[in-house]
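Visitor: test case, fold it:
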Amino acid sequence: MLVKSVMEIEIIILAAGQGTRMNSARPKVLHELGGKPMLAHVISTAQQLTAHKIHVVYGHGGDQVHEQLGHLDVDWVEQPQQLGTGHAVQQAMPGVGQDNVILILYGDVPLIRTETLSELIATVDDRHMGLLTTTLSDPQGYGRIVRDDNAQVSRIVEHKDASDTERAITEINTGIMAVQARHLHQWLEQLDNNNVQGEYYLTDIIEMAVRDAMTVVATVTDDDIEVTGINDKFQLQTMERAYQTRQANTLMRNGVTMADASRFDLRGTCETGKDVSMDVNVVLEGHVVLGDRVTIGPNVFLHNVTIGDDVKVLANSVLENAEIGAGSRIGPFARIRPETVLAENAHVGNFVEIKKSTVGTGSKINHLSYIGDAEIGSNVNIGAGTITCNYDGANKFKTIIGDNAFIGSDTQLVAPVTVGKGATIGAGSTITRDTPDVKLTLSRSKQITINNWQRPKKKN
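Guide: Numbering: from 1, shown residues only. Sure thing, here's the model as predicted:
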């Protein structure tokens, strides 16, 4: 059974709950999974279904929800009082097209898959509604699916209202359902709160559908992770690992080699070339692009970076908002800060920090240096302990180093300053004026030895 082409899909996401078990001042749906709020995951999934409209029902902490996610293209619907799931859906119904199919999702169920939802939606027509279920070995706390003698879904009973016999049922309601709007509107008007919780249960519409000779088609998923709701910090951590396992599996299917997939986090998106390898405790944030044959060492953090082919990023390095040219080598213990661009075959070694700088092809900064607001040419060698003094306490200034220059160890380049092409700067120099091409420039005080000097001794 397929949804008729004249029907459009509208999605209602229920996200009004307080989440008291989180023990947090933040609304539950704003707690992060994989680096973004749970609710953002659900909205992203909904958007992939090309819905006509997405309605988000919010309540507790609404100001925080709007502040963080208000830029998203959804219809925000407030539920001032949280009187149950049925009441929450009612708040969104005035903005719903009566001839459309309504899909109900939840802001605290972030890992639902579009493939499963598409299968569920496809069961809906004028005489059928769709319900997503799963089977749990321990269904404690979940509503149970009650079936008739013909194995058809007849009703849902909430755990607190269930008899001992009903609690023995292991098929549970996920809460996710799809139904024509005109039927849903009619059933919502008939809800009451005559139950242990004193709430208007959305699940009561199942019995109403059966009463009206509708068939409730159960789509059963065997992946309980995708329908698991998050109610406390322990469940949040459990689902984080499940999410990261899903991310790692996708990358490995795309050809990435991982030393230990259980010690990997992707908090954003990642594009990878062929024969990429990652050691343990690699964390990727934002959008990361890795070319062919990229090697990432242990304990590396990458945020919004593009890395070319054959690059090696060695252990304990941090790269943020940067571009790394093919064949370059970074680390170990290197920090590449935002607006840095390395050309091909550049080397950045241990305890080197680079900020808002360009480094030319084949240039090397191998030891204990700080390079900020600099423009470095090709085949430049920068010795250990070199500093570009780019900040005067109020303003930033640029250092320019020409091609083939050699900067001796322990040099301070006081910006604004230009080092000429092929120039050599003697070790231990403080350079405050532009230096000519090719020539040797140095600044040192005269070395003397005081023969009759004695080292001070402690007084008794």
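Visitor: which phi and psi does His303 have?
Guide: phi -130, psi 120 (degrees, to the nearest 10).
Visitor: who's it bridged to?
Guide: Glu285, Glu320 (DSSP bridges).
Visitor: quick check, it in contact with Cys270.
Guide: No - with contact taken as CB atoms under 8 Å, His303 and Cys270 are classed as non-touching, separated by 11.6 Å. Heads up, the C-betas are built off the backbone N, CA and C, glycines and all.
Visitor: who touches both of the two?
Guide: Common neighbours of His303 and Cys270 (criterion: CB atoms under 8 Å, 6 or more residues apart in numbering): 284, 288.
Visitor: quick one: the helix ranked longest in the chain to chain centroid distance?
Guide: With DSSP state H setting the assignment, residue counts place helix 233-253 as the longest helix in the chain. Average the C-alpha atoms of helix 233-253, do the same for its chain, and the two points are 12 Å apart (CA atoms, centre = their mean, to the nearest Å).
Visitor: how about stretch 88-102?
Guide: On the basis of CA atoms, centre = their mean, stretch 88-102 sits 31 Å off its chain's mean C-alpha point.
Visitor: check Thr203 and give its pLDDT.
Guide: The score at Thr203 is 89. That number is its pLDDT.
Visitor: nearest spatial neighbour of it, skipping sequence neighbours?
Guide: Of all residues beyond its chain neighbours, the one nearest Thr203 is Ile156 (4.0 Å), with distances taken as CB to CB, 6 or more residues apart in numbering.
Visitor: burial of that neighbour, as a residue count?
Guide: 27 (other CB atoms under 10 Å).
Visitor: on that earlier part again, and the longest helix of the chain, what other elements does it pack with?
Guide: strand 32-33, strand 257-258, strand 264-272 (3 or more CB pairs under 8 Å, 6 or more residues apart in numbering; DSSP states H and E).
Visitor: for Lys446, see how far away the residue of the chain positioned farthest from its centre is.
Guide: When each C-alpha in the chain is compared with the mean C-alpha position (CA atoms, centre = their mean), Asn452 comes out farthest, at 66.5 Å. When distance is defined by CB to CB, to the nearest Å, Asn452 is 19 Å away from Lys446.
Visitor: just to revisit the earlier point, out of the helices and strands packed on helix 233-253, nearest to Arg433?
Guide: Among these, the nearest to Arg433 by CB to CB is strand 264-272 (44.9 Å).
Visitor: can you pull out the helices in the chain?
Guide: Taking DSSP H, the helices of the chain run over residues 38-48, 62-69, 85-92, 114-121, 164-167, 181-188, 205-211, 233-253.
Visitor: can you put these in TSV and add distance to Phe406 and mean neighbour count?
Guide: What follows is those, written out as TSV (distance: least, CB to CB, whole Å; neighbours: other CB atoms under 10 Å):
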stretch	distance to Phe406	mean neighbour count
helix 38-48	50	21
helix 62-69	50	16
helix 85-92	68	23
helix 114-121	57	17
helix 164-167	79	12
helix 181-188	74	19
helix 205-211	78	20
helix 233-253	41	15
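Visitor: could I get those helices as JSON lines with distance to Val282?
Guide: Formatted as JSON lines, the entries for these read as follows, by distance: least, CB to CB, whole Å:
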{"stretch": "helix 38-48", "distance to Val282": "22"}
{"stretch": "helix 62-69", "distance to Val282": "27"}
{"stretch": "helix 85-92", "distance to Val282": "40"}
{"stretch": "helix 114-121", "distance to Val282": "27"}
{"stretch": "helix 164-167", "distance to Val282": "44"}
{"stretch": "helix 181-188", "distance to Val282": "46"}
{"stretch": "helix 205-211", "distance to Val282": "46"}
{"stretch": "helix 233-253", "distance to Val282": "10"}
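Visitor: many thanks, have a good one.
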